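> Predicted model follows, preceded by the sequence.
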Amino acid sequence: MDPIRHNTTFTSDAVNRDYDLATPIPSDAIGLRQKLPSYGDAHFSLFMRKLFIKAMGYSEDALSRPIIGIVNTYSSFNPCHANVPQLVDAIKRGVQLSGGLAIDFPTISLHESFSAPTSMFLRNLMSMDTEEMIRAQPVDSVVLIGGCDKTTPAQLMGGISANKPIIHLVTGPMMPGSFRGSRVGACTDCRSNWAKFRAGTMDIEDISALNEELAPTAGTCGVMGTASTMACLLAALGMMPIQGATAPAVSSARLRIAEATGTHAVQLAKTHLRPQIILTRESFLNAITVLQAIGGSTNAVVHLMAIANRHPGVAGTITPETVDEVGRKTPLLVDLKPSGDGYMTDFHSAGGMPALLHALKPLLHLDALTVTGRTLGEELARIPPQTHSSIVRPLTDPLHPRSALAILHRGNLSPGGAAVLKASAAREQRLLRHRGPAVVFDGAADLAARIDDPALPVTPDSVLVLRGIGPVGHPGMPEAGLIPIPRKLAAQGVTDMLRVSDGRMSGTAAGTIVLHVSPEGADPSSVLGVVRDGDVIVCDVEERVLSVELDKEEILRRMEERKLNMENKAHEEPWLACKKERGYRGLYMREVNQAEHGVDFGFLTAAGPGTTSNA
């Protein structure tokens, strides 16, 4: 007999068994009988649990069913998640129609614009919150509702570590707005128009009016930024049905997807398909193939490293160089900003992820398992391929031939092997092979103070270098790596320069920008940390080279000199000061690893404690 159907019928015998002191409560119990608190008497623990949950109005019949947890990340500070209450209602409908009991519970909610110093600083905390709440509570499977950039990776990181059946539901992208007859949307158009305002080609009235239209509805950024990228990657990983990535947040389709997610969650309670079973190296290769084909966010590289390194069977087999290897044979097929011209609503109308996955079939591992219990190939067989559109190109007619994202793992400037550049979003393709003198900024405050100084010794051929905004140097690795064009050059019509940083950049941004340089500038062993104004920087994307033209002896001499200076002002140096920092900030700075490992806490990875060297 189906155990779930059997348990949906309430009988007095079932209640009596709960209080039968001669019958032990099994260690593998499901539903309300699992994960009992430690009172020293399991039957009393269950008795207490039931009496308190009944204060919520639940009957014995309801409490006899499999429990589907719903992670509720609603916050009034999070417009990306404004539709979460409606999604929770729809999920509950799907769960209850399928014989389960849906119970939602809160976790941390992160939004890019409302998390200081940066949402990345809190991603690992959210992953810990998610992991421990899944572990602690009596749930047979869990729906993870997320949207804004760091939310979905945090949830998957925590879900893999907890290793209970999980399924993702994204909040969905916002609709585009309109400004002076043209479509606009967060946040590629935010950045491009702000650059015009800085250059003096847009006045204050226009930038103020534009501010009203860039985010016209609830939902995540409506371009291929980090939120949309991670939604697509969740589908490619098999952790979300492939139709679930692109439907707008404010659409009825998003609510139907939520209801279906509730149904899938009940099925997961039956099959016990856990993330460590579903996810394999092939799952990650599929996700990386999709990342390259959509011209996705550079942030996704860091997130994928963190996610992979939570999985005991995958950790260490996926590296930034894997992203590069896949990229060399994967073309860019999706025409969305910032690499193209479209918006997520266009991608959805063109067939969304199913259309893209059909186009990519020759490059995919179709036998990879998905959260539905079917393989990726079986899922695609259920959805007829759509005719190719201008938004989703065929392999024979790509938007960019290959390597939308390139990993610059050669040269002396980023020996950690994490440096990434979104080549497809470079405004000046000539800069993909460039050699120029460095103009160095030490941290975000120095950048803000000097970038627009008329006396700044900078030309269009200079290489703007920003350090001190890595994982430890500016805790949280902020999205300051875009580095604005100096105003005096912007006023001359300069729209792109080669920029190099140990920080991150918004997935919605464009430009010729090298990010995630590792070891970060705060590290005493960092080459980036000893670059000086006028040093010649060489970037060759085709050859994957990022170097400073200094010999080894000079680099070592500068490092030794710098270490002495750091020791003399240890309280000002994050790498040293973190040893005495209190609270979560101290924990973060001491335990966070570098970009090539995912900027995760070493003790949270599959390898466990002792895998970071900051302390």
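Great, that's in hand. Numbering: from 1, shown residues only.

> which residues in the stretch 401-550 of the chain form helices?
For the stretch 401-550 of the chain, the helices defined by DSSP state H, counting those that start in this stretch cover 443-450, 487-490.

> Please identify the most buried of those helices.
Scoring the helices of the stretch 401-550 of the chain by mean neighbour count under mean count of other Cβ atoms under 10 Å gives helix 487-490 as the most buried, with a mean of 18. Using the backbone N, CA and C atoms, a C-beta is placed for each residue, glycine as well.

> Pretty sure Gln137 sits against Pro106.
No. Between Gln137 and Pro106 there is no contact under Cβ atoms under 8 Å: 11.6 Å.

> neighbour-wise, which of the two wins?
Neighbour count, other Cβ atoms under 10 Å: between Gln137 and Pro106, Gln137 has more, with 15 against 12.

> need the contact list for that one.
Listed by Cβ atoms under 8 Å, 6 or more residues apart in numbering, the contact set of Gln137 reads Lys35, Gly69, Phe105.

> Can you check the residues you listed and name whichever has the most neighbours?
Each of those was scored for neighbours by other Cβ under 10 Å, and Gly69 scores highest at 22 neighbours.

> Three-state assignment for that residue, please.
Using DSSP: H, G, I helix; E, B strand; the rest coil, the structure places Gly69 in strand.

> how much space is there between it and Leu369?
22 Å (Cβ to Cβ, to the nearest Å).

> now Ser547
From Ser547 over to Leu369 the distance is 42 Å, taken as Cβ to Cβ.

> which residue ranges form the strands in the stretch 451-600 of the chain?
Ranges of strands in the stretch 451-600 of the chain, per DSSP state E, counting those that start in this stretch, are 463-467, 499-501, 513-515, 536-540, 545-548.

> Export those strands as TSV, with columns for mean neighbour count and distance to Leu356.
Compiled in TSV, these are given as follows (neighbours: other Cβ atoms under 10 Å; distance: least, Cβ to Cβ, whole Å):
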stretch	mean neighbour count	distance to Leu356
strand 463-467	26	34
strand 499-501	28	30
strand 513-515	27	25
strand 536-540	20	30
strand 545-548	20	30
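
> Please state the mean pLDDT value computed over the helix ranked longest in the chain.
Looking across the chain with DSSP state H, the single longest helix is helix 252-271. Across helix 252-271, pLDDT averages out at 98.

> tell me what that helix is packed against?
Using 3 or more Cβ pairs under 8 Å, 6 or more residues apart in numbering; DSSP states H and E, the elements in contact with helix 252-271 are helix 3-7, strand 67-72, helix 84-97, strand 141-146, strand 166-170.

> so where's the stretch 1-150 of the chain shaky on pLDDT?
1-15 (pLDDT under 70).

> What segments of it are helices?
In the stretch 1-150 of the chain, the helices defined using DSSP H, counting those that start in this stretch lie at 3-7, 12-18, 42-53, 60-63, 84-97, 119-136.

> Report the secondary structure state of Pro398.
Following three-state DSSP, Pro398 is assigned to coil.

> Start the count at 517 instead of 1 going forward.
New numbering, starting at 517: the last item is Pro914.

> Please report the distance of it from Pro878.
Per Cβ to Cβ, Pro914 is found 13 Å from Pro878.

> more crowded one of these two?
Legend: neighbour count by other Cβ under 10 Å for Pro914 and Pro878, higher for Pro914 (19 against 7).

> what sits against that one?
Going by Cβ under 8 Å, 6+ apart, Pro914 touches Pro847, Leu848, Leu849.

> Could I get the phi/psi values of it?
With angles defined as degrees, to the nearest 10, Pro914 sits at phi -80, psi 160.

> hmm, which helix or strand of the chain has the shakiest average pLDDT?
Scoring the helices and strands of the chain by mean pLDDT, DSSP states H and E places helix 519-523 at the bottom, with a mean of 42.

> All the strands of the stretch 617-766 of the chain, in order from the start?
Under DSSP E, counting those that start in this stretch, the stretch 617-766 of the chain gives strands at 617-622, 657-662, 682-686, 693-695, 698-700.

> Could you point out which of the ones you listed sits nearest Ala1086?
Ala1086 lies closest to strand 657-662 among these, at 39.0 Å (Cβ to Cβ).

> Does anything pack onto the closest one? Which helices or strands?
Looks like strand 657-662 contacts strand 583-588, helix 600-613, helix 667-678, strand 682-686, helix 768-787 (3+ Cβ pairs under 8 Å, 6+ apart).

> Can you list the strands that that strand pairs with?
Paired strands of strand 657-662, with direction, are strand 583-588 (parallel), strand 682-686 (parallel) (DSSP bridges).

> which stretch among those strands comes nearest Glu648?
Among the strands paired with strand 657-662, if distance is taken as Cβ to Cβ, the winner is strand 583-588, at 12.0 Å.

> if we look at that closest one, which residues are touching it?
The contact list for strand 583-588 (Cβ under 8 Å, 6+ apart) reads 547-548, 600, 604, 607-608, 611, 616-623, 646, 649-650, 653-662, 671, 778, 781-782, 785.

> Once you drop chain neighbours, what's closest to Asn802?
Closest residue to Asn802 apart from its sequence neighbours, by Cβ to Cβ, 6 or more residues apart in numbering: Ala752 at 4.8 Å.

> Could I get the pLDDT score of the one you found?
Ala752 carries a pLDDT score of 98 in this model.

> Count the residues that sit near it.
Ala752 has 30 neighbours, counted by other Cβ under 10 Å.

> That one and Phe1117, how far apart?
Ala752 is 26 Å from Phe1117, by Cβ to Cβ.

> same check, this time on His788
Separation of His788 from Phe1117 (Cβ to Cβ): 28 Å.

> higher neighbour count, those two?
The neighbour comparison of His788 against Phe1117 (other Cβ under 10 Å) goes to Phe1117, with 21 against 12.

> ok, back up a step: quick one, which of the helices and strands packed on helix 768-787 is nearest to Glu1088?
Here strand 657-662 is closest among the helices and strands packed on helix 768-787 (Cβ to Cβ), at 36.9 Å.

> Run the angle between the closest one and helix 600-613 for me.
Interaxial angle of strand 657-662 relative to helix 600-613 (axes from the mean of the first three to the mean of the last three Cα atoms, to 10 degrees): 160 degrees.

> Give me the distance from strand 657-662 to the chain's centre.
With Cα atoms, centre = their mean, to the nearest Å as the basis, strand 657-662 stands 16 Å off its chain's centre.

> do the same with stretch 724-732
Relative to its chain's centre, stretch 724-732 lies at 25 Å (Cα atoms, centre = their mean).

> Ala769: which of the helices and strands packed on helix 768-787 is closest?
Among the helices and strands packed on helix 768-787, helix 600-613 comes nearest to Ala769, with 11.1 Å by Cβ to Cβ.

> So for that closest one, what gets flagged as buried?
Of the residues in helix 600-613, Val600, Gln602, Leu603, Val604, Ala606, Ile607, Lys608, Arg609, Gly610, Val611, Gln612 count as buried by neighbour count, 16 or more other Cβ atoms under 10 Å.

> measure Ala715 to Arg696 for me?
Per Cβ to Cβ, Ala715 is found 18 Å from Arg696.

> now the contacts of strand 583-588: which count as buried?
For those, a neighbour count by 16+ other Cβ under 10 Å gives the buried set as 547-548, 600, 604, 607-608, 611, 616-620, 623, 646, 649-650, 654-662, 671, 778, 781-782, 785.
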